[in-house]
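> need a structure here:
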Amino acid sequence: MTELFQDNEMDMIHIKWSDNSDSSYPFLWLRDNDPAGFHKDTNERMTDLTSIPLDITLTKAFIKDDVLMLNWSDRANSTRYNLDWLYHHKPGKRASDPAAIRKRFWRGGMGIDKLPTAKAKELLEDDGALATWLENTQSFGLSLVTGLDARHDAGMEVAKRIGFLRETNFGSTFQVQSKPNPNNLAYTAVALPPHTDLPNQELPPGFQFLHCLANEAEGGGSTFADGLAISTDLRANDIEAFNMLSSVSIPFRFYDENTDIRSRKHVITLNLDGKINEICFNAHIADFLDIDPKLMKSYYRAYSKFMKMTRSNAYLISLRLAAGEMVVFDNRRIMHGRDAFDPETGFRHLHGCYVDRGEFESRLRVLKRCSGDA
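Numbering: from 1, shown residues only. Below is the predicted model of the structure:
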């Protein structure tokens, strides 16, 4: 049986639920979230908080037919709240998020056969398969899509099943191949150590899609490392280095004839709960280190240690993409690299794009809601 208690001293309603759990609802919170104060079509809040007295009080509160009825001191009509809605929207408890998938850290011992893998045809045609793949990719941070057509935009069609493509100074899509007069090392044949893309951007891109159209040259294998696993191990084994990389920001810059984009980032970013949230690491576009000279020695020690960990076999996995395969990974978690290749021995061509984390997570939430899982 649900019991109701009105606490005028604390300006709250207390409810004891039939499962013996308790929850408290401040008067102001209840009035701000009056169900009648939301637009019926857009679900956006229409209530104007400035119109509500901060010392608002209740004249009456009671439950009738699974509905909480409240009479306010400043208005004649009652406010109605469905008890089920109140039970699932308890102040002090964060709402559940279908896109908040538990991260599964991985290290160099993980075989390629453990990577989440999906067939392109299923992702394009089956929402259930798409939802499962999105969830697995969110968890591992890295997955493989197979069976892509040889068409230039086949991989981008999978990306567009998720959301809008993120446009950068390289365009909405980009071609990874060796070419004359490159403005980025990706467009050369040299080896690229593990890195994240574009930390010079105000908000680095989220998920990256790299569709292999050809990989016939000698060399050119792809490498990946889980930045969350590396950062977690660094925190456990060298807290001084971890604190340095997560508290001192450094400059990143990309510039060419038409572009000059700069930003400061922590190599390791923590969320508001202190958990490792993302990695911004790209030694090639790190600008001249401009931090306090007194911090230089300690910072370089931490930075070098992190860099060595990203290149260690303890964290790296390698795969050689074949035509028709596409690798998808969280660019703000997974570091990716490439072995050098010889363009004289064959053609190597990847077609890439980005979809931001927000689009990725939105699509997962909607698919789960449509399936009744959220």
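> switch to C-alpha atoms for all contacts and neighbour counts from now on
Will do.
> Without its sequence neighbours, what residue ends up closest to residue 271?
Ranked by C-alpha to C-alpha, 6 or more residues apart in numbering and with sequence neighbours excluded, the top spatial neighbour of residue 271 is residue 277, at 5.6 Å.
> ah, wrong one, I meant residue 143
residue 116 (4.9 Å).
> before we move on, what about residue 111?
Excluding the flanking residues, the one nearest residue 111 by C-alpha to C-alpha, 6+ apart is residue 317, at 7.5 Å.
> Give me the below-cutoff pLDDT ranges for the stretch 251-374 of the chain.
Where the stretch 251-374 of the chain drops to pLDDT under 70, the residues are 374.
> Do a quick rundown of the helices in it.
Using DSSP state H, counting those that start in this stretch, the helices of the stretch 251-374 of the chain run over 293-310, 357-370.
> which secondary structure elements does the longest one contact?
Going back to what we said before, that points to helix 293-310. For helix 293-310, the packing partners by 3 or more C-alpha pairs under 8 Å, 6 or more residues apart in numbering; DSSP states H and E come out as helix 227-237, helix 239-247.
> please redo it, this time with the cut-off set to 6 Å
Using 3 or more C-alpha pairs under 6 Å, 6 or more residues apart in numbering; DSSP states H and E as the contact criterion, helix 293-310 has no neighbours among helices and strands.
> From the rest of the structure, what touches it?
When contacts are defined by C-alpha atoms under 6 Å, 6 or more residues apart in numbering, helix 293-310 is touched by residues residue 241.
> Repeat that for stretch 266-273.
Outside stretch 266-273, the residues within contact range by C-alpha under 6 Å, 6+ apart are 245-246, 249, 276-281.
> Look up how far residue 79 lies from the residue nearest the centre of the chain.
Averaging the C-alpha coordinates of the chain gives a centre point, and the residue nearest to it by C-alpha atoms, centre = their mean is residue 357 (4.1 Å). Distance of residue 357 to residue 79, given as C-alpha to C-alpha, to the nearest Å: 38 Å.
> Could you tell me the angle between the host helix or strand of residue 131 and helix 357-370?
Taking DSSP states H and E as the definition, residue 131 sits inside helix 127-140. Interaxial angle of helix 127-140 relative to helix 357-370 (axes from the mean of the first three to the mean of the last three C-alpha atoms, to 10 degrees): 130 degrees.
> gap between helix 127-140 and the chain center?
For helix 127-140, the separation from the chain centroid amounts to 14 Å (computed by C-alpha atoms, centre = their mean, to the nearest Å).
> Each with direction, which strands does the following helix or strand past that helix pair with?
Remark: after helix 127-140, the chain's next helix or strand is strand 142-146, criterion DSSP H and E. Strand 142-146 has its sheet partners listed here by DSSP bridges as strand 117-119 (parallel), strand 326-330 (antiparallel).
> Now distance to residue 61 too, for those strands, in TSV please.
Converted to TSV, the strands paired with strand 142-146 look like this (distance: least, C-alpha to C-alpha, whole Å):
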stretch	distance to residue 61
strand 117-119	54
strand 326-330	49
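> what's the closest of those strands to residue 75?
For these, distance to residue 75 was read as C-alpha to C-alpha. The smallest value, 50.8 Å, belongs to strand 326-330.
> List the contacts of the closest one.
Here strand 326-330 has contacts from 141-145, 206-212, using C-alpha under 6 Å, 6+ apart.
> Off-centre distance for that strand?
Computed by C-alpha atoms, centre = their mean, the separation of strand 326-330 from the middle of its chain amounts to 13 Å.
> Dump the C-alpha coordinates for stretch 140-158 into CSV.
Only the C-alpha atoms of stretch 140-158 are listed here, as CSV (Å, rounded to 0.1, in the frame of the first residue of the first chain):
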residue,chain,number,x,y,z
PHE,A,140,33.8,-2.5,-26.6
GLY,A,141,34.4,0.8,-28.2
LEU,A,142,35.4,-1.1,-31.4
SER,A,143,33.7,-3.4,-33.9
LEU,A,144,33.9,-4.8,-37.4
VAL,A,145,31.3,-4.6,-40.2
THR,A,146,31.7,-7.2,-43.0
GLY,A,147,30.1,-7.8,-46.4
LEU,A,148,30.1,-4.2,-47.6
ASP,A,149,29.6,-3.5,-51.3
ALA,A,150,32.5,-2.3,-53.3
ARG,A,151,30.6,1.0,-53.9
HIS,A,152,32.4,4.1,-52.6
ASP,A,153,29.6,5.1,-50.2
ALA,A,154,28.6,1.7,-48.9
GLY,A,155,30.2,2.2,-45.5
MET,A,156,28.7,5.7,-45.2
GLU,A,157,25.2,4.2,-45.7
VAL,A,158,25.7,2.2,-42.5
